[in-house]
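*Asks:* give the three-dimensional model of this entry:
(one chain, ligands or ions: 1)
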Amino acid sequence: MPKIFITRQLPENVISKLKNQFEVDMWPYEEKPVERDELLKQAEEADALLTMLTDSIDEEVFRKAKNLKVVANLAVGYDNIDIETAKEYGVTVTNTPDVLNETTADLTFALLLATARRIPEAVKYIKQDEWKTWSPLLLAGSDVHHKTLGIVGMGSIGQAVAKRATGFNMNIIYHNRSRKEEAEQKLGATYGSFDELLAKSDFVVCMTPLTDETKDMFDREAFEKMKDSAIFVNSSRGGVVNEEDLYDALKNEHIKAAGLDVFKGEPIKSDHALLELDNVVALPHIGSSSVETRMKMIELAIQNVENVLVGEKPVTPIG
Ligand code: DGY
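*Replies:* Residues are numbered from 1 along each chain as shown. Alright, predicted model coming up:
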């Protein structure tokens, strides 16, 4: 029987159907990533790995995994997988696109609103009994409606964010590797260079995947080009931001605030420098985390594994 190793505990009912056809082994913890030694040991025997974005699937894994046919990543992003090496070893890699677009766009917009209207600060304020009276500028934030939204990375999630922005009468600029003419027509978005977008936007939302080209693209220079009233939102990958430069930009008021769902080294701890700033709203990488969507992602990853192991085409291969 072909062997599958799942690197995190998943609900038993969704994996039970795999057990009729395959031998399934699973890391037994939900909130603890698989240990490297265990991953390598399991990889030696596995025909399929169902992996998380927290697992580094690198050359060492592929070298040891003599029977490996598929790595099914439970995420749309796959910067944790060495794709070139997977190709060399003839291993199929799959991800979970599309099923998470709307949910991730919801969270991105929620983060934008929460940051602009200072919602976490306001919640803390009331819970700590600091509310004395209504006052004219109490916790006054920034308007969102009728402002300019700059989206860097206009893939499906970026477009779903843009769609939400149209309901707020926002003016939308985007920057992407290629023009998205359909989005321009449907959403009234206009294409701009990265610099133009930074200079014009009231909200800069990063939706681009982490690649060699996008690594650290939001650095000191980028933050200096933004308005000092700009709000930066990131729900793609922490690696696209130089966090020291972001800290300086926020601290020195080169930009106004940041809403961050992702960080360079996750998880971050409460002593992370960015968390000392009141103008940072931080979340623990929950962009696609609704029960419905996470279940769809799990089902899609399982389907990809199953397809490859029975000799069919995966539903969502990379490349
Ligand atoms: C993804 O799918 O890449 C997300 O970051 C996980 O929520």
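*Asks:* which parts of the stretch 151-300 of the chain are strands?
*Replies:* For the stretch 151-300 of the chain, the strands defined by DSSP state E, counting those that start in this stretch cover 171-175, 190-191, 203-206, 231-234, 257-260, 280-282.
*Asks:* in CSV: those strands, plus distance to the ligand and mean pLDDT.
*Replies:* C-beta coordinates here come from the backbone N, C-alpha and C atoms, glycine included. Putting the strands of the stretch 151-300 of the chain into CSV (distance: least, CB to the nearest ligand atom, whole Å; pLDDT from 0 to 100) gives the following:
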stretch, distance to the ligand, mean pLDDT
strand 171-175, 20, 98
strand 190-191, 25, 98
strand 203-206, 12, 99
strand 231-234, 11, 99
strand 257-260, 13, 99
strand 280-282, 15, 98
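*Asks:* just the CA coordinates of whatever helix or strand E44 lives in, formatted as PDB?
*Replies:* For E44, the enclosing helix or strand under DSSP states H and E is helix 36-45. This file holds the C-alpha atoms of helix 36-45, laid out as PDB (Å, rounded to 0.1, in the frame of the first residue of the first chain):
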ATOM      1  CA  ARG A  36      12.800  17.700  11.500                       C
ATOM      2  CA  ASP A  37      14.100  14.300  12.400                       C
ATOM      3  CA  GLU A  38      10.600  12.800  12.200                       C
ATOM      4  CA  LEU A  39       9.900  14.500   8.800                       C
ATOM      5  CA  LEU A  40      13.100  13.100   7.400                       C
ATOM      6  CA  LYS A  41      12.500   9.600   8.800                       C
ATOM      7  CA  GLN A  42       8.900   9.600   7.400                       C
ATOM      8  CA  ALA A  43      10.000  11.000   4.100                       C
ATOM      9  CA  GLU A  44      12.300   8.000   3.500                       C
ATOM     10  CA  GLU A  45       9.300   5.700   3.300                       C
END
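*Asks:* what does that helix contact?
*Replies:* Under the criterion CB atoms under 8 Å, 6 or more residues apart in numbering, residues 3, 5, 7, 25, 27, 34, 49, 55, 60-61, 64-68 lie in contact with helix 36-45.
*Asks:* quick check: the farthest pair among those residues?
*Replies:* W27 and K66 (20.6 Å; CB to CB).
*Asks:* for the ligand, give me its nearest residue in the stretch 201-319 of the chain.
*Replies:* Residue of the stretch 201-319 of the chain nearest the ligand, by CB to the nearest ligand atom: S288 (3.7 Å).
*Asks:* next, the closest residue to that residue other than its chain neighbours: phi, psi?
*Replies:* Nearest in space to S288, with sequence neighbours left out and distances taken as CB to CB, 6 or more residues apart in numbering, is L100 at 3.8 Å. When read as degrees, to the nearest 10, the backbone of L100 gives phi -110, psi 0.
*Asks:* so how many other residues sit close to the nearest residue to M217 once chain neighbours are set aside?
*Replies:* Nearest residue to M217, sequence neighbours excluded (CB to CB, 6+ apart): V240, at 5.5 Å. A count of neighbours around V240, defined by other CB atoms under 10 Å, yields 25.
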